Structures are given as C-alpha cells and as structure tokens.
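In: sequence first, then the predicted structure, then my questions.
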Amino acid sequence: MSKKCILHIEDDADNRRLVRKVLEAYGFDVLEATDGVSGIKLAMARKPDLILVDINLPYLDGYEVTLKLRDEFEERRVPIVAITAEGSRDMSLAVGFDGFIQKPINITEFAPQLDEFLDGYREKASQGDRQDLLLEQSRKIVSRLERSVTELTEANRKLREADKIRSEFYRNISHELSTPLTPVIGYLSLLQDEELGPLTDLQKKCLASVSQCYTRIRSLIENLLDITAMQTGRMNFFHRDYDFAQIARNSAERLKPLFDEKNLELQINIPDASFPARGDPDKLARAMVLLIENALKFTEEGKVLVSVGRKPEGFGFAVYDSGIGIEKDMLREIFSSFYQADGSVTRVYQGAGLGLAITQKIIEAFGGRVWAESPPDDTSDDTGWARTMVAFVVPMIMPKKDGEESSSW
C-alpha cells in the first residue's frame, strides 16, 4: 500500500519541522509550501491526499487558499484541514475547510486525526451562520484587494519614474563620456598617421592597442545611446530607397578585418541581384553589424556565415556561427536589454548585453521580427556545421507614422 501524501502550507519553519517529524514517523509523505500562492501551485501539480493549511499566511491567507483549492478540486474532494493558532473554526468550516486543529498540536493525537479525515470524517459547519460568514469573508477579501491594488498602482508609478530616471541617466552619462573621447580619437589618428613625428615599431603597437580599446569604449557608448533613445522614443528613423542586399554586403565587408584578426573565416552568401526596399538603411546596417559582431564575439574557431534571401514576408538576413551555442531557455532572453548569460565581471565574453536588444528594437521598428535558433532548425550542406543562427526578416517597405518621411520610435 502506497504512502498517503500530505501537503503542509505553513510559513513558520519551526512548525513545518515539527509537523514533518510527526507525520513522517507515522508513515506519511510530506510536501511543504511556505505561502499560499506556492501552496496552490504545489497542490495542483502533486495532487496530495490531504492538505494542511495555516490561516495566517503571506500573500493569500488560509481562507483564500481554501476557497481557491475547493474550486480547483471540485470533482475530487480532497480533505483540507486548518492547522492554526489564529482564526475562527466557524469561518474555517464556512469557507470550505473540513476540519480545524488548534496549535500547538497534540503530538500523539495529530496523525490519527488526519487518518480520520482521510477515511472520510468531516466536521459539520453551522448552516445558519454560513451565509453571513461567507459574506463577511468576501468583504475582507475585497478590502484587501483594494489595498493591494492601491499599493501596486503606487509601486508601478514609482517603477516607471525610476525607469525614466535611469534612461535619462544612461543618456546623459553616455553624452558626457563621448565628449572627451572626440579629441582622443583625433590626437590618436594624428599619432598613428605620424603627422606629429615618426614612430618606432613598439610605439605603433602600443597605439594600435589604445585604438582597439577606444573602439570598444565607443561601441559601448553608442549602444547605450541607442537603447536609451529607443526607450524614450527619441530615435528617429528616416525613410528612403535602398538596396537590402547591398547594405548587407557592405556590413559584412566592413567587419572582415576583425575576422582576420581572430583567424576566423567569414563567408558571405548574398545574391548579386538587387533587393529594392524603402526604409532607414543606416539603422538597418546598424542591426546587421550588431548581429555579425555578436557571432564574432562568441566564436573562437571555425567560421561565420552571413546569408541573405527573400522570404514570404520580406527580406531575410541570417548569421550562422560555429561558436558556443545558446541554451534553449535563453533563446528569448538574449534579446533583453543588459542580458548576459554570465553576468560576472570575470566572464569570458565582454559587453553590456545591448547589441541584440538594439537589433530587435530596430527590426521591430521596420515592422519585422528577429529570432535565434541553437542549433539552427533548418540546416543544409552549407550550414550543417553551425551551432547558432540569429536572423531577422523585414518587409520591403518600412511603416511610417502620420505619413511622414521620418518617424520616432
């Protein structure tokens, strides 16, 4: 005969330990939940034979938990027993409890009491007062919900205000950081071009390292400016004719030197035919570059393929790589702002976690969609080696707002 399963919903750790010790010694299996919400979820998932519920619980009190459980277990009459130092026996029975056990429990009688409930015993509620008690409980629930809605509304207002302040801070600090970088790159160019005097090989190597660091900092600042501009609706998109295939080709060729530095192969599979479209080619190129840079960052050996093709809903752009791959549960998260699979300062792959978030916002502004697959769902002889594909598709004509040639997003 299998053991009976008891779910105990109780926020006090000492009470949970005592009940577990008594019931397991008697031969029951014991499940535990520390609040009403998790208790309801556990009850629905595990289908216990009996449920013990404390009245004074966080989030949802014992009365509300029992009302919900009675609704969920309408066809299967699972005994629900109040085990509490507070609360009313009459109210407990009125809302659907089958029994009421006062704390502190009697250790010798406790488990046999539960056996009785499992065998079908139920305490009888006073029918005359039940309607009044339910009405009283309903009023308490409404009052608590009203207070909760008020608190949540205020909390939401504060969060929106904090989010606005955060966005403004990122925008302002990005501008403050970019200002002193302007003369830095100017003087750096003068030095590298030897317009201020000849350089030794060692000096050239040092300046090249400085230039790489500057490029990285500049990229981070541009990403911060882009993401805050989009979040505050201050990024403008300008509509004009362009060639989708040519934009893709230029974006890939622009990054080829970076692939050469890492000894990685960059394959470009873009048709020679023209792909005429209308929208903002500069923003589109930004999205393409960010996708290719993302593949470059996470690929240490092997190759990256940039592919362009026609799709039923428009033009498609895909980047395949032989890098580290992406866990299935992260495929959607990677497009969230500031998301890092490894958020520690010691992580191998650097960056602020903004590239894919910016790409998604740009593509959505074009009226398109972006997604990731790892490994790619549709592979061929050309892509069978790939561990990851990140792609987007955009319509041939970018939507405009108010019929204008530019729009803010």
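Out: All right, it came through fine. Keep in mind that this is a model prediction, so the values were computed, not measured.

In: show residues contacting stretch 303-310.
Out: Contacting residues not belonging to stretch 303-310 are listed as 244-245, 248, 251-252, 259, 264-271, 275, 292, 295-296, 315-322, 382-383, 385-386 [C-beta atoms under 8 Å, 6 or more residues apart in numbering]. In this view, the C-beta of every residue, glycine as well, is placed from N, C-alpha and C.

In: hmm, I typed the wrong one, I wanted stretch 20-37.
Out: Contacts for stretch 20-37 (C-beta under 8 Å, 6+ apart): 3-11, 16, 19, 39, 41-42, 46, 48, 57-62, 64-65, 105, 107, 110-111, 114.

In: swap in stretch 321-341?
Out: Against stretch 321-341 from outside (C-beta under 8 Å, 6+ apart): 227, 231, 295, 298-305, 347, 351-354, 356-357, 359-360, 370-375, 385-389.

In: follow-up on the earlier one: write the PyMOL selection for whichever of the contacts of stretch 303-310 are buried.
Out: Only the buried entries of the contacts of stretch 303-310 go into this PyMOL selection, using 16 or more other C-beta atoms under 10 Å:
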select buried, resi 244+245+248+251+252+259+264+266+270+275+292+295+296+315+316+317+318+319+320+321+322+383+386
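
In: secondary structure element holding residue 316?
Out: Taking DSSP states H and E as the definition, one finds residue 316 inside strand 314-321.

In: pull the CA atoms of that strand into CSV?
Out: Taking C-alpha atoms only, strand 314-321 is exported to CSV below (Å, rounded to 0.1, in the frame of the first residue of the first chain):
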residue,chain,number,x,y,z
GLY,A,314,10.0,40.4,-47.0
PHE,A,315,13.8,40.2,-47.0
GLY,A,316,15.7,37.9,-44.6
PHE,A,317,19.1,38.3,-43.0
ALA,A,318,20.7,35.4,-41.1
VAL,A,319,24.1,34.9,-39.4
TYR,A,320,25.3,31.4,-38.7
ASP,A,321,28.2,30.7,-36.4
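
In: partners of it in the sheet?
Out: Strand 314-321 sits in its sheet next to strand 303-311 (antiparallel), strand 388-394 (antiparallel), going by DSSP bridges.

In: closest to residue 162 out of these?
Out: Closest approach to residue 162 among those (C-beta to C-beta): strand 388-394, 31.1 Å.

In: pretty sure residue 176 sits in a strand.
Out: No - using DSSP: H, G, I helix; E, B strand; the rest coil, the assignment for residue 176 is helix, not a strand.

In: tell me how far it lies from residue 52.
Out: With distances taken as C-beta to C-beta, to the nearest Å, residue 176 is found 59 Å from residue 52.

In: between these two, who's got more neighbours?
Out: Each of residue 176 and residue 52 has its neighbours counted (other C-beta atoms under 10 Å); residue 52 has more, 29 against 10.

In: and after the helix or strand where that one lies, which helix or strand comes next?
Out: Assessed by DSSP H and E, residue 52 sits inside strand 50-53. Per DSSP H and E, the first helix or strand lying C-terminal to strand 50-53 is helix 62-72.

In: any idea how far that following helix is from the chain center?
Out: Computed by C-alpha atoms, centre = their mean, to the nearest Å, the chain-centroid distance of helix 62-72 equals 30 Å.

In: residues of it that come out buried?
Out: Neighbour-count burial for helix 62-72 flags 62, 63, 64, 65, 66, 67, 68, 69, 70 (criterion: 16+ other C-beta under 10 Å).

In: the fourth one and residue 38 touch, don't they?
Out: Right, residue 65. No - shown here, residue 65 and residue 38 do not form a contact pair, counting by C-beta atoms under 8 Å, at 10.3 Å.

In: can you get me a residue count around the closest residue to residue 254 other than its chain neighbours?
Out: Excluding the flanking residues, the one nearest residue 254 by C-beta to C-beta, 6 or more residues apart in numbering is residue 289, at 6.8 Å. Applying other C-beta under 10 Å, we find 18 residues neighbouring residue 289.

In: secondary structure class for residue 289?
Out: The local conformation at residue 289, judged by three-state DSSP, is helix.

In: what sits against it?
Out: Neighbouring residues of residue 289 by C-beta under 8 Å, 6+ apart: 251, 254, 255.

In: tell me the confidence at the most centrally placed residue in the chain?
Out: What sits nearest the mean C-alpha location of the chain, by C-alpha atoms, centre = their mean, is residue 333, with 4.8 Å. On the pLDDT scale, residue 333 is placed at 81.

In: can you list the domain ranges for the protein.
Out: Split into domains by automatic domain parsing, the chain comes to 5-125, 147-231, 236-408.

In: looking at the ones you listed, which one has the lowest mean pLDDT?
Out: Note on those: lowest mean pLDDT is at domain 147-231, with a mean of 78.

In: on that earlier part again, the strand holding residue 52 pairs with which strands?
Out: When DSSP bridges is applied, strand 50-53 pairs with strand 5-9 (parallel), strand 80-84 (parallel).

In: dump these to JSON lines, plus mean neighbour count and distance to residue 189.
Out: Converted to JSON lines, the strands paired with strand 50-53 look like this (neighbours: other C-beta atoms under 10 Å; distance: least, C-beta to C-beta, whole Å):
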{"stretch": "strand 5-9", "mean neighbour count": "23", "distance to residue 189": "68"}
{"stretch": "strand 80-84", "mean neighbour count": "24", "distance to residue 189": "75"}
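
In: go through these and name the closest to residue 285.
Out: Closest to residue 285 of the strands paired with strand 50-53 is strand 5-9 (C-beta to C-beta; 56.2 Å).

In: following element in sequence after that closest one, please.
Out: Moving toward the C-terminus from strand 5-9, the next helix or strand (DSSP H and E) is helix 13-26.

In: can you show me the CA trace of that following helix as CSV?
Out: What follows is helix 13-26, C-alpha atoms only, in CSV (Å, rounded to 0.1, in the frame of the first residue of the first chain):
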residue,chain,number,x,y,z
ALA,A,13,9.9,26.9,9.7
ASP,A,14,9.7,25.5,13.3
ASN,A,15,6.1,24.5,12.8
ARG,A,16,6.9,22.8,9.4
ARG,A,17,9.8,20.8,11.0
LEU,A,18,7.5,19.6,13.9
VAL,A,19,4.7,18.5,11.6
ARG,A,20,7.1,16.8,9.2
LYS,A,21,8.8,14.9,12.0
VAL,A,22,5.5,13.7,13.4
LEU,A,23,3.9,12.8,10.1
GLU,A,24,6.9,11.0,8.6
ALA,A,25,7.3,9.0,11.8
TYR,A,26,3.7,7.9,11.3
